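> Have a look; sequence and predicted model below, questions after that.
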Amino acid sequence: MDWTAVKVVTSSEAVEAVSYILTSEGAAGVQIDDAKDFAKLKPGRYGKYGEIIDPQTIPHRKDGAAVTGYFPQNIFVPELVSTIKEKVAKLRDYQLDPGAGLVISEAVNNEKWATVWQKYYHPLRVTNQLTIVPQWENYEPHSANEKLIVLDPGMAFGTGTHPTTRLMLEALEIVVRGGESMIDVGTGSGVLSIAAKKLGVGQVAAYDIDEVAVRSAKKNIELNPAAADIKIGVNSLLDGIHTQVELIVANILAEIIVPLVPQAFENLKPGGHFLVSGIIKDKAELVESELKKYHFIVDQKLRMKDWYGMIAHKPKEGEE
């Protein structure tokens, strides 16, 4: 099958939002090339055969970001380009800088798509315990407590490199004690669910509104045997879900977190934690206010660049 690639030249802070725009318009996967992903990388074993390479010698953008969506043959992309341009431009209404906002489309064959990812993804230690490893890399842990999350970035719905995902991975490390039940809302690549299992969470249910994302998550779960029992399916937020768990995670845009808050409160056990990310700086106050409105207690706010994550919990009886 041949594909059409639509590249959006944008800013680092708008990567998550642009990815959402492309997938909502029918992209089967997205490729993210973000200059900030290379900014703090130090020389390490990034070579194909484990050789030490300076990340700055790996081809990458020097500033800003480009998000490329891949559309199947049955979608007539020329009709979508103007719509994508308009949606990217409207990000300013949400205090997100779309950068150049340039939208470019080109035909790409399946063979090229299958190999293009490997230029951009290499093993990356994202938290104290968690390292993201592309499936084609042979990587050995450097310490006893290092846990590997093997991913296929070919369908990149959140591969751990973006600040919003890294904030959630850090939040999981802070909160997880072992044996918890968890729901992952908007699972994308499944990275948070897989990380939770690696950290010791018990039962995990993961949902996404996008069937392509669900297929991507299933493939990534298969690459991580410890995560094999994750339940995954298509669902919009927590609509129709009425079960109480000890942990709910959601790495989605602030505007989508807001309607999720009361659903999360209903589905959490007293004392249970609600972890959220995907919150741009100017929306942090909105999300925090909504959490407090529904009686959540905000325990901790995490920040990376212009992005925020929050750890909140549902009060136990008698707790204010």
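Received, thanks.

> low-confidence ranges in the stretch 201-320 of the chain?
320 (pLDDT under 70).

> what are the ranges of the strands in it?
204-208, 231-234, 245-251, 268-280, 297-304, 307-313 (DSSP state E, counting those that start in this stretch).

> Let me know which of the ones you listed is the nearest to S181.
Evaluated over the strands of the stretch 201-320 of the chain, closeness to S181 peaks at strand 245-251, with 4.1 Å, by Cβ to Cβ. Glycine gets a C-beta too; all of them are placed from N, C-alpha and C.

> residues making contact with that closest one?
158, 164-165, 168, 171-172, 175-176, 180-186, 188, 192, 196, 201, 203, 205, 238, 256-257, 260, 264, 267-269, 271-278 (Cβ atoms under 8 Å, 6 or more residues apart in numbering).

> Can you say which of the strands of the stretch 201-320 of the chain is nearest to K87?
Between the strands of the stretch 201-320 of the chain, strand 268-280 lies closest to K87; by Cβ to Cβ that is 16.0 Å.

> would TSV of the strands of the stretch 201-320 of the chain with mean neighbour count and distance to I221 be doable?
Formatted as TSV, these follow (neighbours: other Cβ atoms under 10 Å; distance: least, Cβ to Cβ, whole Å):
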stretch	mean neighbour count	distance to I221
strand 204-208	25	8
strand 231-234	14	7
strand 245-251	25	16
strand 268-280	24	20
strand 297-304	15	26
strand 307-313	24	23
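
> Using JSON lines, lay out the ones you listed together with distance to E290.
Formatted as JSON lines, the strands of the stretch 201-320 of the chain follow (distance: least, Cβ to Cβ, whole Å):
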{"stretch": "strand 204-208", "distance to E290": "20"}
{"stretch": "strand 231-234", "distance to E290": "25"}
{"stretch": "strand 245-251", "distance to E290": "12"}
{"stretch": "strand 268-280", "distance to E290": "10"}
{"stretch": "strand 297-304", "distance to E290": "11"}
{"stretch": "strand 307-313", "distance to E290": "10"}
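
> wait, which of the ones you listed is closest to L91?
Each of the strands of the stretch 201-320 of the chain has some distance to L91 by Cβ to Cβ; the shortest is strand 268-280, at 9.6 Å.

> The closest residue to D34 other than its chain neighbours: neighbour count?
Nearest residue to D34, sequence neighbours excluded (Cβ to Cβ, 6 or more residues apart in numbering): A65, at 4.1 Å. Using other Cβ atoms under 10 Å, A65 has 22 other residues around it.

> A65 contacts A17, doesn't it?
No. Assessed by Cβ atoms under 8 Å, A65 is found out of contact with A17, at 11.2 Å.

> picking up where we left off before, give me the distance between the residue nearest to D34 and I174.
28 Å (Cβ to Cβ, to the nearest Å).

> Then Y139?
Noted for Y139: a distance of 25 Å to I174, by Cβ to Cβ.

> With E16 instead?
21 Å.

> If you count surrounding residues, which of these two has more?
Neighbours were counted for E16 and for I174 using other Cβ under 10 Å; E16 has more, 24 against 13.

> Tell me who's in contact with the nearest residue to the more buried one once chain neighbours are set aside.
Leaving aside its chain neighbours, E16 sits nearest to T164 (5.5 Å; criterion: Cβ to Cβ, 6+ apart). If a contact means Cβ under 8 Å, 6+ apart, then T164 has E16, G158, N251, S277, G278, I279, W307, G309 as its contacts.

> Output the residues you listed as a markdown table; include the columns distance to N145.
Output for the contacts of T164, formatted as a markdown table (distance: Cβ to Cβ, whole Å):
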| residue | distance to N145 |
| --- | --- |
| E16 | 29 |
| G158 | 23 |
| N251 | 24 |
| S277 | 23 |
| G278 | 27 |
| I279 | 29 |
| W307 | 26 |
| G309 | 22 |
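
> what two of these are the furthest from one another?
Maximum distance among the contacts of T164 (Cβ to Cβ): 14.9 Å, for G158 and I279.

> Need phi/psi at E137.
The phi and psi values for E137, taken as degrees, to the nearest 10, are phi -90, psi 140.
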